[in-house]
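Peer 1: quick one: sequence plus predicted model below, questions after.
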Amino acid sequence: RYSIGSRAGISQLSAAACKRRRAAHSSNRPRAVCVKAMRAVLQRVLKASVSVDDEIVSSIGPGLLVLVGIRAEDTDAEAEYICRKVLNSRLFHNDEKDKPWDLSVMQTQGEVLFVSQFTLYGILKGNKPDWHNAMPPQEAKAFYNSFLDKVRQAYEPDRIRDGVFGAKMKVDICNDGPVTLILDSGDK
């Protein structure tokens, strides 16, 4: 295993690494799928909240709800790409110019609610989900917190909210549009 500080040189699995990973799995066990991107699902919302044990732990008004999936090989480069895209994607209407898809969440002074979601890297093996592509929980928690720090540094920290890492959460959203986009850092 690599520590978070030492993974900067790893951006994606090489073709040879994918072959080795596939060969390591017998036909009786699920084979890992080589995934080459940090993933985020953006939803434009009028409001959103996250509850744990029936208590609201975070809520926002107009802005973005972002589900974040972290794969085992993600690096700071992937986190920076997703951070930049979340904050700068022009998903909001410009009322002054009557122009759709013109403003980013930062330009509208919107809020952003992030929810860690390892299941974004789940795959079905038959009828059973397999999570081998997701980063292990201890590493993922540190990486996710580092990602949130990047977002808070790039935008106004008081406009950034998040759920509780690793908790069973209930996410309540009021979609605006609806507008939903999937971002993969491999698309950069």
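Peer 2: Alright, I've got the coordinates. None of the values given here were measured: they were computed from a predicted structure. Numbering: from 1, shown residues only.
Peer 1: and residue 134, what does it touch?
Peer 2: 69-72, 118-122, 140 (Cβ atoms under 8 Å, 6 or more residues apart in numbering). Backbone N, C-alpha and C define where each C-beta goes, glycine included.
Peer 1: now whichever strand or helix holds residue 141: mean pLDDT?
Peer 2: For residue 141, the element it lies in under DSSP states H and E is helix 137-154. The average pLDDT within helix 137-154 is 97.
Peer 1: buried ones in that helix?
Peer 2: Across helix 137-154, burial judged by 16 or more other Cβ atoms under 10 Å covers 139-140, 143-144, 147-148, 150-152, 154.
Peer 1: who does it touch, helix- and strand-wise?
Peer 2: Other elements packing on helix 137-154 under the criterion 3 or more Cβ pairs under 8 Å, 6 or more residues apart in numbering; DSSP states H and E are helix 76-88, strand 111-116, strand 160-162.
Peer 1: ok, the closest residue to residue 103 other than its chain neighbours - how many residues close by?
Peer 2: Spatial nearest neighbour of residue 103, excluding adjacent residues (Cβ to Cβ, 6 or more residues apart in numbering): residue 92 at 4.2 Å. The tally of other residues near residue 92 (other Cβ atoms under 10 Å) stands at 21.
Peer 1: look up how far residue 102 lies from residue 92.
Peer 2: 7 Å (Cβ to Cβ, to the nearest Å).
Peer 1: can you pull the contacts of the residue most central in space within the chain?
Peer 2: Note on the chain: the residue nearest the mean C-alpha position is residue 68, at 1.7 Å, using Cα atoms, centre = their mean. By Cβ under 8 Å, 6+ apart, the contact set of residue 68 is 38-40, 82, 114-117, 120, 144, 147.
Peer 1: make TSV from these and add distance to residue 170 to it.
Peer 2: Below are these laid out as TSV (distance: Cβ to Cβ, whole Å):
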residue	distance to residue 170
38	24
39	21
40	20
82	24
114	16
115	11
116	14
117	13
120	18
144	19
147	22
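Peer 1: please identify which of those residues is nearest to residue 52.
Peer 2: residue 115 (11.2 Å; Cβ to Cβ).
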